[in-house]
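In: could you work out the structure for the sequence below:
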Amino acid sequence: MAHLTIAEARELAERTMQAIGHTAEEAGLIADHLIDCELRGLSYGGLPRALSIAERITKLPRRRQPIRVEDKTAVSALVHGGDNVGYLVAWKAMELSIERAKSHGVAIIGANSTWYTGMLSYYAERIARHDLVSMIASNASPWVAPFGGSEGRFGTNPICYGFPSAQGDICYGRRPHELQHRSE
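Out: Now for the predicted structure:
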């Protein structure tokens, strides 16, 4: 079994993303998220995800469009993802939320036309570094059954909260199967 250094893994992810049409900047953002997953022990969202991304992009006849920001107000916006991978769309939404919340105290940003957003805590942690509180929710394929259920009704990690703290930022997300009644 071969082992990669973190730098080698990141370079591999970046090269893969560039080979399927991402710019160097986009490839870097995607690779950062994938490596972050690996370093947290979430390998299912790490380097193997690069293969899923490449497979989807190369097999779909549609071509991705530029990400665009629509319906802008001082405190809100809609990010049209243009069928881009969610790591890029969520990054744009995160940047807009930080900008608007710093200027006006609150922000509500929506995003659509995207897929594979990744760990919501990845974005919440970055928002918390700006001394901002965040609540991030995502829509996903219904893979996970609710507590007591037998069929998938939720996507994985559909909600995450992030809070800045003097002791280190706190980001908290729960998987749907972990949501149980406290009385049990």
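In: mean confidence score for the lengthiest helix in the chain?
Out: In the chain, taking DSSP state H as the definition, the longest helix is helix 86-104. The pLDDT scores in helix 86-104 average 98.
In: who are the packing partners of the following helix or strand past that helix?
Out: Using DSSP states H and E, the helix or strand that follows helix 86-104 in sequence is strand 108-115. The elements that strand 108-115 packs onto, with contact taken as 3 or more C-beta pairs under 8 Å, 6 or more residues apart in numbering; DSSP states H and E, are strand 76-85, helix 86-104. All C-beta spots, glycine's among them, are computed from the backbone N, C-alpha and C.
In: quick check: angle from strand 108-115 to strand 76-85?
Out: 20 degrees (axes from the mean of the first three to the mean of the last three C-alpha atoms, to 10 degrees).
In: just checking: what are the partner strands of strand 108-115?
Out: strand 76-85 (parallel) (DSSP bridges).
In: please list the residues outside the strand it pairs with that contact it.
Out: 30, 53, 57, 60, 62-71, 88-89, 92-93, 96, 100, 107-116 (C-beta atoms under 8 Å, 6 or more residues apart in numbering).
In: rewinding a little: reformat the helices and strands packed on strand 108-115 as CSV; add mean neighbour count and distance to residue 3.
Out: Below are the helices and strands packed on strand 108-115 laid out as CSV (neighbours: other C-beta atoms under 10 Å; distance: least, C-beta to C-beta, whole Å):
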stretch, mean neighbour count, distance to residue 3
strand 76-85, 21, 27
helix 86-104, 20, 25
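In: possible to save these as CSV with distance to residue 154?
Out: What follows is the helices and strands packed on strand 108-115, written out as CSV (distance: least, C-beta to C-beta, whole Å):
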stretch, distance to residue 154
strand 76-85, 21
helix 86-104, 17
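In: which one of these lies nearest to residue 1?
Out: helix 86-104 (27.4 Å; C-beta to C-beta).
In: helices or strands up against the closest one?
Out: Packed next to helix 86-104, using 3+ C-beta pairs under 8 Å, 6+ apart, are helix 24-39, strand 76-85, strand 108-115, helix 120-128.
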